[in-house]
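got a structure for you, letters missing:
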């Protein structure tokens, strides 16, 4: 991965894990999107088999895409196996996006608080 | 002369072909109208926007919603590309910039970019993983914006 993008991706991961990026579900399964600067980023993570896909169609299991203000994809970082170098980074971004959207941490904390108050 | 099953099959095939031809012509007409409206927006000397142009965009939006609902994803993809190009052009119209529509249109353009990527991926899986509701919801919102713009143009005329 290009060093500039590596820095950007690490920053996205860090901010996502801190809940500072507003991820929302996108228009494709297992994908979230967020506005960032003048553009948009999308993160996809998919480990399931899809019998509807043709046998010769190879889709990535994780992908982070960057779109400009005209909605054009200008770069994508894709991983086709869990052994790809960038896979852990992309997986972590997806997990953070998923968790943020579902407000997992906030909900768990409220449950703990409720139990502590009983 | 007795009509055989084979004859019925042939007639059904011909009717099917005729129906497909009519549908394609209908979509082509709307795509051409969207492109023409966009060209008019670009070419307009005074960079004004007409109610008729906005009406064409609304028609295009509704057709895309219909095609997505009917799982005609290739057609929907083609129309959405045209519509996105039109919205990019629309962002440059001074009237809309002065009336605070730049950011709204910008958001819709970016969302359409994401939906176009989703539609492209869906061509490989017959649309089984496409979140159609998300796309139609965004398009409904854009349609509301267009309707609002149309009303403002009418009242300012």
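Thanks, I have the structure now. Note that the coordinates shown come from a computational prediction; the quantities given were computed from them, not determined experimentally. Numbering: from 1, shown residues only, chains lettered A, B, ... in the order given.

Okay, now the unreliable bits of chain B?
Residue ranges of chain B with pLDDT under 70: B:1, B:40-48, B:157.

and the residue of it nearest chain A?
residue B:113 (1.9 Å; C-beta to the nearest C-beta). (Glycine included, C-beta is placed from N, CA and C.)

What is the burial count for that residue?
The number of residues packed near residue B:113 is 25, by other C-beta atoms under 10 Å in any protein chain shown.

what's residue B:128 sitting at in phi/psi?
phi -70, psi -20 (degrees, to the nearest 10).

Oh, that last question was meant for residue A:28, not what I typed.
Dihedral angles (degrees, to the nearest 10) for residue A:28: phi -130, psi 150.

and the residue lying closest to it once chain neighbours are set aside, how many neighbours does it have?
Computed as C-beta to C-beta, 6 or more residues apart in numbering or on different chains, the closest residue to residue A:28 that is not its neighbour in sequence is residue B:118, at 4.0 Å. If you count neighbours by other C-beta under 10 Å, residue B:118 ends up with 26.

Ok, the one 10 residues further on next?
Applying the criterion other C-beta under 10 Å, we find 13 residues in the vicinity of residue B:128.

can you tell me the residue of chain A closest to chain B?
Residue of chain A nearest chain B, by C-beta to the nearest C-beta: residue A:71 (1.9 Å).

quick one on the thing from earlier: what does the helix or strand where the residue of chain B closest to chain A lies rub up against?
Residue B:113 belongs to helix B:102-122 when assigned by DSSP states H and E. Applying C-beta atoms under 8 Å, 6 or more residues apart in numbering or on different chains, the contact partners of helix B:102-122 are A:26-28, A:31, A:33, A:35, A:39-40, A:42, A:59, A:65, A:67, A:69-73, B:73, B:76-77, B:80-81, B:83-84, B:87-88, B:90-91, B:96, B:128-131, B:134-135, B:138, B:141-142, B:145.

Can you select the buried ones among these for me in PyMOL?
This is the PyMOL syntax for the buried subset of these, where burial follows 16 or more other C-beta atoms under 10 Å in any protein chain shown:
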select buried, (chain A and resi 26+27+28+31+33+35+39+40+42+65+67+69+70+71+73) or (chain B and resi 73+76+77+80+81+83+84+87+88+90+91+96+129+130+131+134+135+138+142+145)
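
now, which of the contacts of helix B:102-122 lie within strands?
Among the contacts of helix B:102-122, the members found in strands (DSSP state E) are A:31, A:33, A:35, A:39, A:40, A:42, A:65, A:67, A:73.

how much distance is there from the lowest-mean-pLDDT helix or strand in chain A to the middle of the chain?
Every helix and strand of chain A was ranked by mean pLDDT, DSSP states H and E. The lowest is helix A:104-117, at a mean of 85. The chain centre lies 25 Å from the centre of helix A:104-117; the measure is C-alpha atoms, centre = their mean, to the nearest Å.

which residues sit against it?
A:19, A:99.

same thing but 7 Å
residue A:99 (C-beta atoms under 7 Å, 6 or more residues apart in numbering or on different chains).

what does stretch B:143-153 give?
By C-beta under 7 Å, 6+ apart, stretch B:143-153 touches B:49, B:51, B:54, B:55, B:57, B:58, B:61, B:62, B:96, B:99, B:101, B:104.

how much space between residue B:76 and residue B:23?
Distance from residue B:76 to residue B:23, counting by C-beta to C-beta, to the nearest Å: 13 Å.

Run a quick neighbour tally on residue 23.
Using chain A here. By the measure other C-beta under 10 Å, the count of residues near residue A:23 is 22.

hm, I was asking about chain B
14.

where's it, which helix or strand?
Assigned by DSSP H and E, residue B:23 falls within helix B:5-43.

Which strands or helices does that helix pack on?
When contacts are defined as 3 or more C-beta pairs under 7 Å, 6 or more residues apart in numbering or on different chains; DSSP states H and E, helix B:5-43 packs onto helix B:51-69, helix B:73-90.

and the angle for it with helix B:51-69?
140 degrees (axes from the mean of the first three to the mean of the last three C-alpha atoms, to 10 degrees).
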